[in-house]
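>>> I would like to see how this sequence folds:
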Amino acid sequence: MWRIGIVLLHRIIRMKVEKVKKSIHTHQLSCGAHLIVEQIDGVASCALKWLVPAGSSCDPSDAVGVSAILEELLFRGAGDLDTRSLSDAMDRCGLQRHTHVGMHHLQLA
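Residues are numbered from 1 along each chain as shown. Modelled structure (predicted):
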């Protein structure tokens, strides 16, 4: 009984994956940044990941940890919006946000 269920589930998943058509496009912006877009039929959302070459390996020797401080400051308000107002504005748009400092990049998603 379990084996039949697993085989059927595998076939259903494989059928759904085959129905999804993917197309990946790349473009270099005038500022030199690369834009990679993947269109997936049937998906009505957008995901964005921005890798900035500002990881911990870029920290000056006399300012170790400055990339982590920058990460903390990114969502601390903008213009006339304080931290809470900026967060509420992003929530109203349905945005989920995440930052991470790695060895080579500061990641914004």
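>>> ok, what's across the strand from Gln39?
When bridges are called by DSSP bridges, Gln39 pairs up with Ser23.
>>> and Val101, how many residues sit next to it?
Residues lying near Val101 (other Cβ atoms under 10 Å) number 22. Heads up, the C-betas are built off the backbone N, CA and C, glycines and all.
>>> And for Pro60?
Neighbours of Pro60 (other Cβ under 10 Å): 7.
>>> and it, what is it in contact with?
Pro60 sits next to Val66 when contact means Cβ atoms under 8 Å, 6 or more residues apart in numbering.
>>> and what of His98?
107-109.
>>> Tell me where the model's unsure across the chain.
Low-confidence segments of the chain, defined by pLDDT under 70, span residues 1-22.
>>> again, only this time at 90
Low-confidence segments of the chain, defined by pLDDT under 90: 1-29, 31-54, 70-79, 81, 83, 86-87, 89-99, 106-109.
>>> could you pull out the helices for it?
2-19, 66-73, 83-92 (DSSP state H).
>>> Perfect, that will be all.
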